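1. just coords:
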């Protein structure tokens, strides 16, 4: 065996181990850790007089098609009206968004009209200065929460160790309105539940989460994934627990097409790399479970595109010298072929889920790779644009 062959073999198996650990081994370790050390806490709902006052803070930019429905949805929440404030922060909207919000002023919706476009994160930094309640529930203009969502989130704050609670987002088809949670989405939800039981949930879902107002501190205005950084920055400063409540449900339309979904994932990828620079201290083992979940679930996951490239590059020359490596190369090429086919195979085909799973896996890692270069070249702006939707 030549030195080059040995180096390539090490590269191949190191990259293979990185992918296998991130997607297969980590969940197994997580399950075992939860069984040994996980919390079983599940608090009861609070009486009206015990509920804290909360501000529902909704970020908006040119949301004319959905903002009226979103406000009506907020007003219909099962929460004492005298303990609920609705705050709509409008980031230089140029359509009728602001006029629609103002029309609900007599019903309790308050508009924060920001004239200069600054992006969601910078706007949230300013909007938190207008909050006068001990709790804040954050959401998006295109998100519609279930009536009991706020009650679900608020019950956890009886425990003073809990600083942030994330709810569950259900993706719905924009035409049929049916639940279209993919296998990957269910896999991620599974991980969230287990990480939550260790008090080490990684960020929140921007569509539905709550935080103690006192734990919020302004974050850099160019932050791309604010719903990831805000909770973990609070965790870093205070040591509070960040948890997940699957009973606090919000519904949102899925991306209208593959292009929009790829753009969303690449933006998250760029934001992930940016977040490492802001939250790297969480990787200190002294931080306990959060260091383990952050490294295993996020850092290694963001490195997987490079692992996959390394596996393929190393495997090609190795295949000339070994039947085993030829089979491994064939397996990789078959996987990529299935991914390409997954974009065209009809869902009515019995085995279509395997094609879609391969397609999702490759597309997600391709988006993460694009996100890395956008972060590296500073080409990903922190200013978000409204995704075109059916509604």
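-> Good, I have the coordinates. Values in this document were obtained by computation on a predicted structure and should not be read as measured data.

2. and residue 250, what are its bridge partners?
-> For residue 250, the beta-bridge partners under DSSP bridges are residue 145, residue 169.

3. can you pull out the strands in the protein?
-> Along the chain, counting by DSSP state E, strands occupy 54-60, 84-91, 109-114, 135-140, 144-145, 162-172, 208-212, 241-253.

4. among those, which is nearest residue 27?
-> Nearest to residue 27 among those is strand 241-253 (15.3 Å), distances taken as CB to CB. C-betas here are computed from N, CA, C, even on glycine.

5. what's the spacing between that closest one and its chain's center?
-> 11 Å (CA atoms, centre = their mean, to the nearest Å).

6. show me what counts as buried in that strand.
-> 241-245, 248-253 (16 or more other CB atoms under 10 Å).

7. which strands or helices does it pack on?
-> Counting contacts by 3 or more CB pairs under 8 Å, 6 or more residues apart in numbering; DSSP states H and E, strand 241-253 packs against strand 144-145, helix 149-154, strand 162-172, helix 183-197, strand 208-212, helix 226-238.

8. contact partners of the lengthiest helix in the chain?
-> Ranked by number of residues, the top helix in the chain under DSSP state H is helix 352-376. The contact list for helix 352-376, computed with CB atoms under 8 Å, 6 or more residues apart in numbering, reads 182-184, 258, 261-262, 265-274, 301-302, 304-306, 308, 335-336, 338-343, 345-347, 349, 379-380.

9. only the buried subset of those residues, as a PyMOL command please.
-> Selecting only the buried entries of the contacts of helix 352-376 in PyMOL, with 16+ other CB under 10 Å as the criterion:
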select buried, resi 261+262+265+266+267+268+269+270+271+272+273+274+301+302+304+305+308+338+339+342+345+380
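
10. out of the contacts of helix 352-376, which sit inside helices?
-> Secondary structure from DSSP H places 183-184, 258, 261-262, 265-274, 301-302, 304-306, 308, 335-336, 338-341 of the contacts of helix 352-376 in helices.

11. tell me where the model's unsure across the stretch 101-250 of the chain.
-> Along the stretch 101-250 of the chain, the parts satisfying pLDDT under 70 run over 173-182.

12. let's see 80
-> Along the stretch 101-250 of the chain, the model assigns pLDDT under 80 to residues 172-185.

13. burial count for residue 98?
-> Residue 98 has 20 neighbouring residues, counting by other CB atoms under 10 Å.

14. buried sites along stretch 344-357?
-> Buried, per 16+ other CB under 10 Å, within stretch 344-357: 345, 355-357.

15. ok, now stretch 144-160?
-> Buried residues in stretch 144-160 (16+ other CB under 10 Å): 144-146, 149-157.

16. got these as a markdown table, with distance to residue 135 columns?
-> Shown next, in a markdown table, are the buried residues of stretch 144-160 (distance: CB to CB, whole Å):
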| residue | distance to residue 135 |
| --- | --- |
| 144 | 20 |
| 145 | 15 |
| 146 | 18 |
| 149 | 13 |
| 150 | 9 |
| 151 | 12 |
| 152 | 13 |
| 153 | 8 |
| 154 | 6 |
| 155 | 11 |
| 156 | 10 |
| 157 | 6 |
